[in-house]
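Peer 1: what follows is a predicted protein model with its sequence.
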Amino acid sequence: MAEPMKKGVAREREQWGSKIEFLLSVIGFCVGLGNVWRFPYLCYKNGGGAFLVPYLVCVLLAGVPMFFLEVGLGQFMSEGGISVWKMCPLFQGIGFASIVVCNWLNIYYIVIIAWAFYYFVYSFRAELPWASCGNWWNTPACVTFDGMNQTNLTELKALNITPRDSVVEFWDHNVLQITDGVHDMGTMVWPLFGTLIFSWVLTYFAIWKGVKVTGKIMYFTATFPYVMLTALLVRGVTLPGASEGIRFYLEPKWEKVLDYQVWNDAGTQVFYSYAVGLGGMIALGSYNKFNNNFFKQCAFLCLCNSGTSLFAGFGIFSVLGFMSYQLQLPMKDVAEAGPGLAFIAYPKAMAQMPMAPLWSALFFCMILLVGLDSQFVQVESVVTAIVDLYPDYLRRGRKREILVGVVCIIDAAIGCTMVMQGGMYVFQIFDYFSASGIILLTICCCEAIVISWIYGSNRFYDNITMMLGRRINPYMRIAWSYITPILTFLMIVFAIVFYQPLTYNKTYVYPGWAQGCGWLLIVSSLIWIPCYCIYKITKYPGTLREKWIASTRPILKAHHMRPQDWEENPQLEYKKTVTMDPLTENA
């Protein structure tokens, strides 16, 4: 960390302490809850092994190119997700849009961590509370499905009462205490409120001193989940029924490859898991040294990301196969999407394992670490973007620490609505709309078009050459210019055409006003792109053509470069692009 500066003097921008800190931070950011439950679910839902075809196509044509692009942008400019667009000031609204999305994600993502804390605490009991009926939260319809209560099942059916699994009742009536709909928010669920606030306190102290401290924390939080995933796999494959679960996970149903929804799910999953379009990759890359070999690192990180998804699937589906064997239910009835998989299916599986409390505690410890390291980087991305907008002010004294506190307090206050009795409905609105595929695809499409066709893909390739000291494979330039924009645009169109209204548990349909609030979340981020363009271009004098030329001219600073680069590479176009913005004092 840089030496403390005298009061009133702005601190220098930080850099990673080592290359391994950057790698672990990116792994912590990208490898999250989506890899642990969302990818395996989508894989089995969309044709098993056949799903890997559209997934890998989307990875190669969109995910990997955008990942390289964002890290390279951040490293070249040494700026956060907003100010990095000094490369093309007219489109700085892309940066604002991505940071708004990232902040919405911060608000609801940490609620999952709060749920995991709740289950983690309850795991330290001789008998897991969700494994039995007769508790205060259970109804007369409660059953355990352990093969020991057939009489109770017969009685319930005779009374025309639908049996309810004890794990589901724990989730609905103890954890969520859920109401009948979003119109009835009920009261605060105080245990969840406590775990939410505790999660935000951990987040604050993990990032308040900057990336030097965050990078050290990642040594543990980014690596331990791999130990747990391996332990879960080893334990899972030794359980009866595990082979059936793995077969269900991998067996291809080739007819699914021609289904649009499969391609849409694959593309959306790629953008989620690679964490592009959120400004986070730009922020993490911005703390690299200028000549860091990010190209080699990105290749490793992309393999690590997709490999983790595949690896997690084996452990997850071996456990689900065991559940199917124990409960005598088909595989399609034991796996659910999203929170239902992590907080219903897994607790049910853990409850039936030998030494159940131990396995439950270890599993939810893994969920906590996977979630927390992603949360740390997401909040850091928002803070970095704001600090880089006002560096001379926010890098003085303790202003950065105060800013981190303000961001955490505001986000926590909004998130409190999600730990009320009707909070699950609010959570789903945020999850379905605020970081939806439509938003991420639009942002990535705009990024690729602006860099390739306005800033110039050849110019950016020269910038990369200046950083790496060599030319890279031309595939990336082709992808940024043609393949990625076309693919993302088509996916946006199909996502809108085939839009499905939001439901909860496939039965509760959200009212129109709630759906409208969701679309407002989408608009709240994407509106920045056109509005900022209009604002920026009106600030420049001259004809429309002169306004366009002036507002798309890069504002690059000479201190982004090594001094010798100016002499060693006089042919590079960068030297021609350093300019003064007539509306700013930045050089």
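Peer 2: The structure has been received and is ready for your questions. Everything quoted here is computed from the prediction, not taken from an experiment.
Peer 1: please parse the protein into its domains.
Peer 2: Listed by automatic domain parsing, the domain ranges of the chain are 19-77+106-135+172-421, 556-587.
Peer 1: average pLDDT across the shortest one?
Peer 2: Domain 556-587 comes out with an average pLDDT of 41.
Peer 1: that older thread, any chance of the domains of the chain in CSV, with distance to Thr442 too?
Peer 2: Where you see a C-beta, it was placed from the backbone N, CA and C, and this is true even at glycine. Shown next, in CSV, are the domains of the chain (distance: least, C-beta to C-beta, whole Å):
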stretch, distance to Thr442
domain 19-77+106-135+172-421, 8
domain 556-587, 26
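Peer 1: pick the most buried one from those.
Peer 2: The highest mean neighbour count among these, using mean count of other C-beta atoms under 10 Å, belongs to domain 19-77+106-135+172-421: a mean of 20.
Peer 1: span of that one from start to end?
Peer 2: 44 Å (C-alpha to C-alpha, to the nearest Å).
Peer 1: which parts of the stretch 1-150 of the chain are helices?
Peer 2: 19-30, 33, 39-45, 52-58, 64-77, 93-122, 150-158 (DSSP state H, counting those that start in this stretch).
Peer 1: nearest to Leu232, of the ones you listed?
Peer 2: Closest to Leu232 of the helices of the stretch 1-150 of the chain is helix 39-45 (C-beta to C-beta; 11.9 Å).
Peer 1: re the thing from before, the domains of the chain: lowest mean pLDDT?
Peer 2: domain 556-587 (a mean of 41).
Peer 1: just the strands in this structure please.
Peer 2: 142-143, 164-165, 503-504, 508-509 (DSSP state E).
Peer 1: with mean neighbour count, mean pLDDT and distance to Ile429 as extra columns, can I get these in CSV?
Peer 2: Shown next, in CSV, are the strands of the chain (neighbours: other C-beta atoms under 10 Å; pLDDT from 0 to 100; distance: least, C-beta to C-beta, whole Å):
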stretch, mean neighbour count, mean pLDDT, distance to Ile429
strand 142-143, 20, 80, 29
strand 164-165, 18, 76, 25
strand 503-504, 14, 86, 10
strand 508-509, 14, 88, 12
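Peer 1: tabulate those (a markdown table), appending distance to Gly47.
Peer 2: Formatted as a markdown table, those follow (distance: least, C-beta to C-beta, whole Å):
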| stretch | distance to Gly47 |
| --- | --- |
| strand 142-143 | 33 |
| strand 164-165 | 28 |
| strand 503-504 | 23 |
| strand 508-509 | 27 |
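Peer 1: which one of these lies nearest to Ala479?
Peer 2: strand 503-504 (36.0 Å).
Peer 1: still on that earlier bit, and the helices of the stretch 1-150 of the chain: which comes nearest Ile529?
Peer 2: helix 93-122 (4.3 Å).
Peer 1: quick one on the thing from earlier: nearest to Asp392, of the helices of the stretch 1-150 of the chain?
Peer 2: Closest among those, using C-beta to C-beta: helix 64-77, at 17.2 Å.
Peer 1: okay, angle between the closest one and helix 93-122 too, please.
Peer 2: 110 degrees (axes from the mean of the first three to the mean of the last three C-alpha atoms, to 10 degrees).
Peer 1: quick revisit: ok, which of the helices of the stretch 1-150 of the chain comes nearest Pro530?
Peer 2: helix 93-122 (7.2 Å).
Peer 1: how much space separates Asn458 from Ala62?
Peer 2: 21 Å (C-beta to C-beta, to the nearest Å).
Peer 1: before we move on, what about Gly32?
Peer 2: Distance from Gly32 to Ala62, by C-beta to C-beta: 19 Å.
Peer 1: same question, Phe170
Peer 2: From Phe170 over to Ala62 (counting by C-beta to C-beta), the distance is 40 Å.
Peer 1: check Arg545 too.
Peer 2: In terms of C-beta to C-beta, Arg545 sits 33 Å off from Ala62.
Peer 1: try Glu255
Peer 2: 24 Å.
Peer 1: cool, and Trp359?
Peer 2: 37 Å.
Peer 1: also Cys408?
Peer 2: 33 Å.
Peer 1: what about stretch 523-531, start to end distance?
Peer 2: 11 Å.
Peer 1: averaged pLDDT, that stretch. What do you get?
Peer 2: 95.
Peer 1: need the contact partners of it.
Peer 2: Stretch 523-531 is contacted from outside by 91, 93-94, 96-98, 100-101, 104, 434, 439, 442-443, 446, using C-beta atoms under 8 Å, 6 or more residues apart in numbering.
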